[in-house]
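>>> predicted model and sequence below, questions to follow.
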Amino acid sequence: LVSAITFPEAGGSVTKSLITSKNILDELFSNFTWSEAPENSYQLNVISQWSHENFSIYFALLFFILYTFIMSGICITLPVACGMFTPVLLIGAALGRLFGELLVIYFPNVSSLKIVPGSYALVGAAAFSGAATQTVSTAVIVFELTGQIVYMVPVLLGVALSIVIATYMYPSIYDVGIYLKRLPFLPNLLPTSSAVHKVCVRDFMLSDLKYLTLQFTYKEIKDLLDSTKKMRTFPLVDSRESFVLIGTVERRDLELLIEQRLCDEERRKVARHCKLKRKFNCLNTMHGKTDIASLTKRDDIDDGGKSVKILIDPGVCHAAIKLLRGKRKHKVEFDCDLNSEEREQWEEERMNAVPNYKNLAIDYAPFQLVHTTTLFRAHAVFSLLSLQRAYITNCGRLVGMVNLENLREAVEGARLFGGSPMSADTERDELQSVEKNVSVKSYWRQKKRRRCMNTTFNKAQLFVYPSRAISHYHRSWCSRQWP
């Protein structure tokens, strides 16, 4: 589609497909008016490239803006590597150039100074790219592109105003891309939203946690690992009664602990011991003796490199001694294992023991937040420290956990539905009546339904979050009809 539109014999003359992005920016930033007669060959070349026998330069600029906007949006959504900053910069420069050229026509004598459309193109490129990316660094990039800072004040002012306005309307282009790809991210907070200072982490934390205690046996640890395949870190508390947070243990350390507890070497060692015991009992049975106190002679049997001392009576027959000793030229290796019943019994005995947690690599300083921490502070901490999770404590007791997904849902709820005029005590009483494990979206839905959904949904948010906007209007209508 893009190749068909940009074909030189078709629409390439209007879309400027034969001109590089750098040359297009240089022409848009040029400090002469395109509607006036050219004074040299360079101006003639620029005007001839942007004019056509069937339409004027204004239509060419308008068509270039629409084409770049639509085609850039289509190409950005493709699963290939692409750039987003240059198309945004071109659209802003073309908008500024079009605005400057129109000022020259309709307001030729507005002041004694001459209107330079290139200056409007420069400010438009910086402001439009700043609004799309919501970063102040676009002003510095524009200064580096032009190589001079004559228009530093209007550029900085335009970038600042565009960022302030864009922040209230929609997220940045990078945040939208992350949201569409369903990647973990943390949206920015609205500066004037009061909900971020009223909502606490206890309102949206995960209270149903999988945890470890110091009294857990190997079997309970194995059951915990089997029931939670995706968890990588487990909180460790002292007991189920006090629930004081001690630290966190990694999943790989627990798996290694279980593997060492049920290793084959330990099981074969027990099997060899049982086999020797059976042979020893068989020897006593052959001589009809049950009391080994009368045994006087010692004999060594090499058991896989280990010396096992067995007392043998002097009257034992040569065949019995040969049965135990075999040939002394080679080591006697017992390649044996437990049967199914013995193995189950051995594993049960081993798994019912309590491990020594001192041998584990425990993180005794996991990141913790107090349960009364506001959403604003939690967002700041997660953003500055790049946290993935934080444990919520109340006087040292573990009460829940907040991960990046929970915090993102809470921030989106504050952005979309705004704050509540209720006091903190009223909200706390209200939260106590809500189910403990209710999701963040359900909490905001119940909260806003009681307020009859008086807040309006932004059109830009309708474009970015269409399903949420539709459900918002649906809930608003239902709340007004059925209070």
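Received the coordinates, thanks.
>>> for the closest residue to residue 352 other than its chain neighbours, grab phi and psi.
In this structure, residue 352 finds its nearest non-sequential neighbour in residue 217, 5.6 Å apart by Cβ to Cβ, 6 or more residues apart in numbering. Any C-beta I mention is one placed from the backbone N, CA and C, and that applies to glycine too. Here is the backbone geometry of residue 217 (degrees, to the nearest 10): phi -90, psi 170.
>>> what stretches of the stretch 1-150 of the chain score poorly on pLDDT?
Applying pLDDT under 70 to the stretch 1-150 of the chain picks out residues 8-17, 110-112.
>>> which residues in it form helices?
For the stretch 1-150 of the chain, the helices defined by DSSP state H, counting those that start in this stretch cover 2-5, 12-15, 21-28, 41-50, 57-76, 85-106, 117-133, 137-146.
>>> quick check, residue 381 in a helix?
Yes - under DSSP: H, G, I helix; E, B strand; the rest coil, residue 381 sits within a helix.
>>> burial of the closest residue to it other than its chain neighbours, as a residue count?
Spatial nearest neighbour of residue 381, excluding adjacent residues (Cβ to Cβ, 6+ apart): residue 387 at 6.7 Å. Residues within reach of residue 387, counting by other Cβ atoms under 10 Å, total 17.
>>> do the same with residue 205
Counted by other Cβ under 10 Å, the residues lying close to residue 205 total 24.
>>> excluding chain neighbours, what is closest to it?
residue 400 (3.6 Å).
>>> the one you found touches residue 203, doesn't it?
No - the pair residue 400 and residue 203 does not pass the contact test of Cβ atoms under 8 Å, sitting 10.4 Å apart.
>>> low-confidence stretches in the stretch 301-450 of the chain?
Ranges of the stretch 301-450 of the chain meeting pLDDT under 70: 301-340, 342-343, 415-450.
>>> and the residue nearest to residue 381, how far from residue 252?
20 Å (Cβ to Cβ, to the nearest Å).
>>> do the same with residue 379
From residue 379 to residue 252 the distance is 30 Å (Cβ to Cβ).
>>> which one's more surrounded, the two?
residue 379 (20 against 10).
>>> show me the protein divided up by domain.
With domains defined by automatic domain parsing, the chain comprises 2-180, 195-256+358-451, 264-338.
>>> burial count for residue 36?
Residue 36 is flanked by 10 other residues according to other Cβ under 10 Å.
>>> please give me every residue in contact with it.
Residues near residue 36 by Cβ atoms under 8 Å, 6 or more residues apart in numbering: residue 104.
>>> now the helices of the stretch 1-150 of the chain as a markdown table including mean neighbour count and distance to residue 168?
Output for those, formatted as a markdown table (neighbours: other Cβ atoms under 10 Å; distance: least, Cβ to Cβ, whole Å):
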| stretch | mean neighbour count | distance to residue 168 |
| --- | --- | --- |
| helix 2-5 | 11 | 33 |
| helix 12-15 | 17 | 33 |
| helix 21-28 | 18 | 29 |
| helix 41-50 | 14 | 35 |
| helix 57-76 | 16 | 22 |
| helix 85-106 | 20 | 19 |
| helix 117-133 | 26 | 11 |
| helix 137-146 | 18 | 18 |
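>>> and of these, who's closest to residue 196?
helix 117-133 (23.1 Å; Cβ to Cβ).
>>> and the residue nearest to residue 381, how far is that from residue 208?
For residue 387, the distance to residue 208 - Cβ to Cβ - is 21 Å.
>>> leaving out the residues flanking it, which one is nearest to residue 258?
Looking at residue 258 with Cβ to Cβ, 6+ apart, the closest residue is residue 222, at 5.4 Å.
>>> so for the one helix or strand the one you found maps to, what's the average pLDDT?
Element membership for residue 222 (DSSP states H and E) is helix 218-227. Taken as a whole, helix 218-227 has a mean pLDDT of 89.
>>> which other helices and strands does whatever helix or strand comes next after that helix contact?
Next helix or strand after helix 218-227 toward the C-terminus (DSSP H and E): strand 233-237. Under the contact definition 3 or more Cβ pairs under 8 Å, 6 or more residues apart in numbering; DSSP states H and E, strand 233-237 sits against strand 212-213, strand 245-250, helix 251-261, strand 397-403.
>>> confidence-wise, which of the ones you listed is weakest overall?
Among the helices and strands packed on strand 233-237, helix 251-261 carries the lowest mean pLDDT, a mean of 86.
>>> which residues touch it?
218, 221-222, 224-225, 231-234, 350-351, 355, 359-361.
>>> for PyMOL, what selects the buried ones among the residues you listed?
Those of the contacts of helix 251-261 that count as buried under 16 or more other Cβ atoms under 10 Å are selected in PyMOL with:
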select buried, resi 218+221+222+224+225+233+234+350+351+355+360
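>>> now, among the contacts of helix 251-261, which is nearest to residue 141?
Of all the contacts of helix 251-261, residue 232 has the smallest distance to residue 141: 39.4 Å, by Cβ to Cβ.
>>> identify the residues contacting the closest one.
Neighbour list for residue 232: 250, 251 [criterion: Cβ under 8 Å, 6+ apart].
>>> could I get the phi/psi values of residue 188?
According to degrees, to the nearest 10, residue 188 has phi -80, psi 160.
>>> doesn't residue 168 make contact with it?
No - contact between residue 188 and residue 168 fails when scored by Cβ under 8 Å: they sit 11.0 Å apart.
>>> so how far is residue 391 from residue 365?
Relative to residue 391, and taking Cβ to Cβ, residue 365 is found at 11 Å.
>>> find me the pLDDT at residue 472, would you?
Value for residue 472, per-residue pLDDT: 44.
>>> would residue 392 count as being in a strand?
Yes - assessed with three-state DSSP, residue 392 lies in a strand.
>>> and it, how many neighbours?
As a burial measure, residue 392 scores 25 neighbours (other Cβ under 10 Å).
>>> excluding its backbone neighbours, what's nearest residue 410?
Using Cβ to Cβ, 6+ apart and skipping the chain neighbours, the partner closest in space to residue 410 is residue 204 (4.5 Å).
>>> which pLDDT value goes with that neighbour?
Reported pLDDT for residue 204: 89.
>>> distance of it from residue 179?
Remark: distance between residue 204 and residue 179 (Cβ to Cβ) = 19 Å.
>>> between the contacts of helix 251-261, which sits nearest residue 94?
Nearest to residue 94, judged by Cβ to Cβ, of the contacts of helix 251-261 is residue 232 at 49.1 Å.
>>> return the distance of the closest one relative to residue 197.
From residue 232 to residue 197 the distance is 32 Å (Cβ to Cβ).
>>> same deal with residue 60?
51 Å.
>>> try residue 96
Residue 96 is 39 Å from residue 197, where distance means Cβ to Cβ.
>>> likewise for residue 67?
45 Å.
>>> swap in residue 142?
Distance from residue 142 to residue 197, counting by Cβ to Cβ: 36 Å.
>>> do the same with residue 221
Separation of residue 221 from residue 197 (Cβ to Cβ) stands at 41 Å.
>>> got it, and residue 92?
From residue 92 to residue 197 the distance is 35 Å (Cβ to Cβ).
>>> so residue 399 touches residue 207, yeah?
Yes - counting by Cβ under 8 Å, residue 399 touches residue 207, with 6.8 Å between them.
>>> cool, thanks, talk later.
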